[in-house]
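*Asks:* Sequence and predicted model, in that order:
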Amino acid sequence: MATTTPPDSSESLWSSLSTAATPELISAQKLQASSADPLLKLRLIIRINSGYGILFSLLFLALFVYFDFFWVRFFLGVVLLGYVLAIVYNSYLLRRVLITPAADENIRIRLSLIYYRMKKALQTVEIAALFFYPFSLTAGFIMALAEEGKLEKLSAEPLLQGLLVACFVLFVPLCYYLTKWLNKIAFGKEVDRIFDLLTALDEEKKEEETKA
């Protein structure tokens, strides 16, 4: 491929494909040379996300050790498992999905796979939140009762049971939409840029076919 000095933005990086000898192939060195590379930024965001996951895992582990109550540990354990699974899933995305295309790889196919899998990954996280947030809310609720020495009252007092159900009804949807919003803030821009690059490649291919 023809090359010049590394571009300073993803737009100029990917627009350089239009002047390349083989427009559907891109150099891995060129991708890595740009700090604005969307794949590079997505990898960075996921690593930061995993860092927060590790910190929260340590926090919940400390609470797990501190509270010597079966049900408190049960719900905390489920929440802790959720964070561990999230960290493992992030590792999968880094190792198997967000891979810079090789120099001899079709950029259109690779970007299509990355875009599709990232959209699925965000949807998976959002759906998983619907399962784990009730456990998280319950853990917080019964930890407060355990701290006051009133944990046994949860099974006997309808008022406390009603408050717990009200927390589910109010906070689970809010947490779900908060997760969607945070995903959009953290990942949406870079995922959308990948889609824009795919669109640009499609338009370029159509122009070439028209000229031919």
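*Replies:* Perfect, I can see it now.
*Asks:* Just to check, Asn183 is in contact with Thr124?
*Replies:* No: distance between Asn183 and Thr124: 10.6 Å, which falls outside the contact criterion (CB atoms under 8 Å). Using the backbone N, CA and C atoms, a C-beta is placed for each residue, glycine as well.
*Asks:* neighbour count winner among those two?
*Replies:* Asn183 (18 against 12; other CB atoms under 10 Å).
*Asks:* Excluding sequence neighbours, find me the nearest residue to that one.
*Replies:* Leu122 (4.8 Å; CB to CB, 6 or more residues apart in numbering).
*Asks:* Return the residues in contact with the residue most central in space within the chain.
*Replies:* Closest to where the C-alpha atoms of the chain average out (CA atoms, centre = their mean) is Leu122, at 5.3 Å. The contact partners of Leu122, by CB atoms under 8 Å, 6 or more residues apart in numbering, come to 183, 187, 191.
*Asks:* after the one helix or strand Phe60 maps to, next one along is what?
*Replies:* With the criterion set as DSSP states H and E, the secondary-structure element containing Phe60 is helix 38-66. Moving toward the C-terminus from helix 38-66, the next helix or strand (DSSP H and E) is helix 70-92.
*Asks:* Which strands or helices does that next one pack on?
*Replies:* In terms of contact count using 3 or more CB pairs under 8 Å, 6 or more residues apart in numbering; DSSP states H and E, helix 70-92 is assigned the packing partners helix 38-66, helix 107-147.
*Asks:* Show me what counts as buried in the helix or strand harbouring Val172.
*Replies:* When elements are assigned from DSSP H and E, Val172 belongs to helix 158-183. Taking 16 or more other CB atoms under 10 Å as the basis for neighbour counts, the residues of helix 158-183 that come out buried are 160, 164, 171-172, 175, 179-180, 183.
*Asks:* What ranges in this structure fall below the confidence cut-off?
*Replies:* For the chain, residues meeting the criterion pLDDT under 70 lie at 1-36, 103-105, 212.
*Asks:* Buried ones in the strand or helix carrying Lys189, by neighbour count?
*Replies:* In the assignment (DSSP H and E), Lys189 maps to helix 189-211. By neighbour count, with 16+ other CB under 10 Å as the criterion, the buried positions of helix 189-211 are 190-191, 193-194, 197-198, 201, 204.
*Asks:* ok, back up a step: of the helices and strands packed on helix 70-92, which approaches Val78 most closely?
*Replies:* Of all the helices and strands packed on helix 70-92, helix 107-147 sits nearest to Val78, with 4.3 Å by CB to CB.
*Asks:* No more questions from me, cheers.
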